[in-house]
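Colleague: just a sequence and a predicted model for now, questions to come.
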Number of protein chains: 2
Amino acid sequence: MADINLKDDEIPSLRRESAAGRVVTHPISAEENPEIPFIELLFFAYRDFVSDPDEVLAGYGFGRAHHRVVHFVNRHPGIRVADLLDILKITKQSLGRVLKQLIDTGFIEQLTGAQDRRQRLLYPTPAGRELALRLLHPQEHRIGAALEGMSPAERATAERFLRLVIDRGEREKVARLIGR
Amino acid sequence: MADINLKDDEIPSLRRESAAGRVVTHPISAEENPEIPFIELLFFAYRDFVSDPDEVLAGYGFGRAHHRVVHFVNRHPGIRVADLLDILKITKQSLGRVLKQLIDTGFIEQLTGAQDRRQRLLYPTPAGRELALRLLHPQEHRIGAALEGMSPAERATAERFLRLVIDRGEREKVARLIGR
DNA sequence: AAATTTATGTCAGCCATGTTGACATATTTT
DNA sequence: AAAATATGTCAACATGGCTGACATAAATTT
């Protein structure tokens, strides 16, 4: 990819464009906005991070929405639908669609709650567990490689940064979900 | 939210479900997979991080795809369409749709390249710059608050972690884009 | 000069996944 | 008995990905 930043003599003349209005030629700069590198790195890191499981998913005919559901059901077997909704921050209908597919294809099962029989507790089947692990592996590898050269203190710092990016009101809930 | 982790006596009896096959009741554990906390924190951090500009976008009738385009055009005025595609990793058609809307509504303009007249260089209009800044502010605030209690060395560590999550083959390109 | 490559745009259609609103059922709580 | 809760479902719609095919203008190569 060629350098995006234009030299002065490369800036196209505005007069050449009959219909051109005024345009802004100076960039929003990362020097003046020290948060920008973090904002953009978060974008690029997530872009690549979530693309890892795509091949595996395609093999099953599933998408990223299925991945998220399979992951959290495997991390918390017996999770309630309501809790899954609260984690994913999507609507019941959106979840219902992918959940139904995962149940119909035998990756997740619903068991009626023993205490509260209104609840449909979600469990992975052995196939669901296997799928979850296959989706997890490439991401573990990516994160593991990133952590490789970092000391325990540095890892803790990276973890702390990510926690602080999460909504304040969600942090405790996330901490409980993650288990620390 | 109630604790998701069930006690043993809360696990519903499988015998109660006539059609129930075997299910897996033990979780994929973060103790055995030290990368999992990072994987999940990245999910939650990004989930909240990208929701910041939603209100602003709704006021303009735009979505998150418009945000990404407006952001990078403002960060790199005069960027070529091909470079934008390479950043966003989407297809020409997907970009074309939102780009056309942003041009039609006067937030972005295209100027013919002076050297290579095949190119359509993208510039923000003053309105486009204003929109970019309005979208940027809440994210700057979120990241700024996260960085607040971190030393320069810790900030560098968080930044390094994010860089290492990015595809190896993309890191240099991203470094150039970010300007360091 | 002609042929090829490149940068971009566009049409048509499809798919995944998000949304709202309304309503139904079973179960628990009051 | 009534109200609240957990879940499911139907219908419709919006956003934003995708593929494949084709068109145009301009630059590059032969």
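Modeller: Structure's in. What do you need?
Colleague: return the distance of residue A:157 relative to chain B.
Modeller: Remark: distance between residue A:157 and chain B (CB to the nearest CB, to the nearest Å) = 5 Å. For glycine as for every other residue, the C-beta is placed from the backbone atoms N, C-alpha and C.
Colleague: residue A:37 is in contact with residue A:30, correct?
Modeller: Yes. Counting by CB atoms under 8 Å, residue A:30 does reach residue A:37; the two are 5.5 Å apart.
Colleague: who's more crowded, these two?
Modeller: Regarding residue A:30 and residue A:37, a neighbour count based on other CB atoms under 10 Å in any protein chain shown identifies residue A:37 as having more, with 21 against 18.
Colleague: before we move on, which element is that one in?
Modeller: Using DSSP states H and E, residue A:37 sits within helix A:36-51.
Colleague: show me what counts as buried in that helix.
Modeller: Using 16 or more other CB atoms under 10 Å in any protein chain shown as the test for burial, helix A:36-51 gives A:36-50.
Colleague: what does residue A:90 show for phi and psi?
Modeller: When read as degrees, to the nearest 10, the backbone of residue A:90 gives phi -130, psi 180.
Colleague: what's the neighbour count on the residue of chain A found nearest DNA strand D?
Modeller: Here chain A gets closest to DNA strand D at one residue, residue A:82, 3.0 Å apart by CB to the nearest atom of the strand. By other CB under 10 Å, the residues close to residue A:82 number 13.
Colleague: mind listing what it touches?
Modeller: Listed by CB atoms under 8 Å, 6 or more residues apart in numbering or on different chains, residue A:82 has no contact partners.
Colleague: quick check: angle from whatever helix or strand it lives in to helix B:36-49?
Modeller: For residue A:82, the element it lies in under DSSP H and E is helix A:81-88. With axes from the mean of the first three to the mean of the last three CA atoms, to 10 degrees applied, the angle from helix A:81-88 to helix B:36-49 works out at 80 degrees.
Colleague: what sits against the residue nearest to the spatial centre of chain A?
Modeller: The geometric centre of chain A, computed from its C-alpha atoms, lies nearest to residue A:50 (CA atoms, centre = their mean), at 5.9 Å. By CB under 8 Å, 6+ apart, residue A:50 lies in contact with residue A:64.
Colleague: per-residue pLDDT, it?
Modeller: pLDDT recorded at residue A:50 is 97.
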